[in-house]
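Enquirer: Sequence isn't available, so here's the structure alone:
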């Protein structure tokens with residue numbers, strides 16, 4: 001914000017001005033302060049005008065953790081939500097989705113369990129080894145979010161982690177107490193989770209933001225924001241990807257949307273859109289990616305169901 005002065009005869013009119021971008025154009029909010037104000041009067045008028053401008057900006061913009069979205073950008077993102085078809089699964093379609101999601105979400109993280117092995121593992125009374133435990137755990141977590149439809153909370157996040165990894169990881173359901181990094185196959189660092197000292201405040205801020213802003217966004221956009229921010233924080237020592245994708249679906253189901261399966265074959269693009277959010281503060285690629293995954297999910301679940 002800056003002071004703008006305009007000469008009018010012998011007088012000088014003073015304004016407080018703030019510039020911002022909207023639809024690619026620079027716009028200004030200008031608040032009149034007075035005429036020929038002395039330094040002390042000017043400072044007092046400036047502080048009052050500044051508060052008024054901030055109130056106007058709060059109505060125009062929404063802070064989204066790493067960046068700010070204008071009303072126009074929110075409108076454009078919400079428009080992408082309209083590209084998906086809303087349908088609801090019957091019990092057999094839910095079984096099909098659970099198997100697809102369980103296979104893909106574990107495979108993305110390196111599981112060697114094959115797609116055709118998943119139904120057999122889920123029918124076993126007792127799992128054999130960590131990968132089978134996590135196969136059963138993820139499927140159980142899908143059933144949990146399907147039926148519970150709970151709002152976002154730290155308790156929900158920890159619960160999902162515990163369901164997924166109980167028996168396979170000693171820290172199941174526990175927030176990390178160490179620093180974490182994500183590396184690619186060459187060992188390059190792709191992302192570093194928030195410092196442990198900031199972890200609890202980051203999660204609290206994420207949950208608070210959700211409660212304050214959830215009604216501004218369509219469900220798909222809201223789920224994308226929360227999923228990306230969760231992955232940015234990386235609150236667990238391991239298992240963040242799987243819990244993040246469950247959290248995404250929990251938000252969708254809470255809003256009566258069908259769930260999304262992110263396919264193993266699209267893993268590279270999935271990582272790219274996460275990087276675009278984390279490095280360039282760009283949410284749009286994630287929402288567009290999820291729209292494509294939605295269509296693929298619904299097509300695969302209903303197609304395989306029709307073959308049975």
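Expert: Okay, I see it. None of the values given here were measured: they were computed from a predicted structure. Numbering: from 1, shown residues only.
Enquirer: Output the below-cut-off pLDDT ranges for the chain.
Expert: For the chain, the stretches with pLDDT under 70 are 20-24, 54-60, 303-308.
Enquirer: Wait, a strand at residue 12?
Expert: Yes. When DSSP: H, G, I helix; E, B strand; the rest coil is applied, residue 12 is found to be in a strand.
Enquirer: Is it bridged to anything, and to what?
Expert: When assigned by DSSP bridges, residue 12 has beta-bridge partners residue 7.
Enquirer: So it versus residue 289, what's the distance?
Expert: Here the distance between residue 12 and residue 289 works out to 54 Å (Cβ to Cβ, to the nearest Å). (Glycine included, C-beta is placed from N, CA and C.)
Enquirer: So those two - more neighbours on which side?
Expert: Neighbours per residue (other Cβ atoms under 10 Å) separate residue 12 from residue 289, with residue 289 holding more: 20 against 13.
Enquirer: so residue 177, which of the three states?
Expert: Following three-state DSSP, we place residue 177 in the coil state.
Enquirer: shouldn't it be in contact with residue 196?
Expert: Yes. Counting by Cβ atoms under 8 Å, residue 177 sits close enough to residue 196 to count as a contact (6.4 Å).
Enquirer: The two: which has the busier surroundings?
Expert: The residue with more neighbours, out of residue 177 and residue 196, is residue 196; 14 against 9, by other Cβ under 10 Å.
Enquirer: For that one, which non-adjacent residue is closest in space?
Expert: Counting by Cβ to Cβ, 6 or more residues apart in numbering, residue 196 lies nearest to residue 179, which is 5.9 Å off, once chain neighbours are set aside.
Enquirer: just checking, what packs against the one helix or strand residue 210 maps to?
Expert: Counting by DSSP states H and E, the element that carries residue 210 is helix 199-213. Secondary structure elements in contact with helix 199-213, counted by 3 or more Cβ pairs under 8 Å, 6 or more residues apart in numbering; DSSP states H and E, are strand 61-64, helix 154-165, helix 219-233.
Enquirer: all helices for the protein, in order.
Expert: Secondary structure of the chain by DSSP state H: the helices cover 39-60, 71-81, 91-108, 118-123, 130-148, 154-165, 199-213, 219-233, 240-254, 267-280, 284-307.
Enquirer: now these as JSON lines including distance to residue 25?
Expert: Supplementary listing: the helices of the chain in JSON lines, determined by distance: least, Cβ to Cβ, whole Å:
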{"stretch": "helix 39-60", "distance to residue 25": "14"}
{"stretch": "helix 71-81", "distance to residue 25": "10"}
{"stretch": "helix 91-108", "distance to residue 25": "41"}
{"stretch": "helix 118-123", "distance to residue 25": "52"}
{"stretch": "helix 130-148", "distance to residue 25": "42"}
{"stretch": "helix 154-165", "distance to residue 25": "40"}
{"stretch": "helix 199-213", "distance to residue 25": "25"}
{"stretch": "helix 219-233", "distance to residue 25": "24"}
{"stretch": "helix 240-254", "distance to residue 25": "33"}
{"stretch": "helix 267-280", "distance to residue 25": "22"}
{"stretch": "helix 284-307", "distance to residue 25": "19"}
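Enquirer: just to revisit the earlier point, hey, which of the helices and strands packed on helix 199-213 is tucked in deepest?
Expert: Per residue and on average, the most neighbours among these fall to helix 219-233, with a mean of 24 (mean count of other Cβ atoms under 10 Å).
Enquirer: chain center to it, what's the gap?
Expert: Here the centre of helix 219-233 is set off from its chain's centre by 0 Å, with Cα atoms, centre = their mean, to the nearest Å.
Enquirer: by contact count, what packs against that helix?
Expert: With contacts defined as 3+ Cβ pairs under 8 Å, 6+ apart, the secondary structure elements packing on helix 219-233 are helix 71-81, helix 199-213, helix 240-254, helix 267-280, helix 284-307.
Enquirer: For residue 121, which of those helices is the nearest?
Expert: Residue 121 lies closest, by Cβ to Cβ, to one member of the helices and strands packed on helix 219-233: helix 240-254, at 15.8 Å.
Enquirer: Measure how that closest one sits relative to helix 219-233, angle-wise.
Expert: With axes from the mean of the first three to the mean of the last three Cα atoms, to 10 degrees defining the directions, helix 240-254 sits at 160 degrees from helix 219-233.
Enquirer: Counting neighbours, which bits of helix 240-254 end up buried?
Expert: Within helix 240-254, the residues that qualify as buried by neighbour count (16 or more other Cβ atoms under 10 Å) are 240-254.
Enquirer: Excluding chain neighbours, what is closest to residue 34?
Expert: In space, residue 34 comes closest to residue 45 once its chain neighbours are excluded; the distance is 5.6 Å by Cβ to Cβ, 6+ apart.
Enquirer: and the one you found, what is it in contact with?
Expert: Taking Cβ atoms under 8 Å, 6 or more residues apart in numbering as the contact definition, residue 45 lies against 14, 16, 33, 34, 37.
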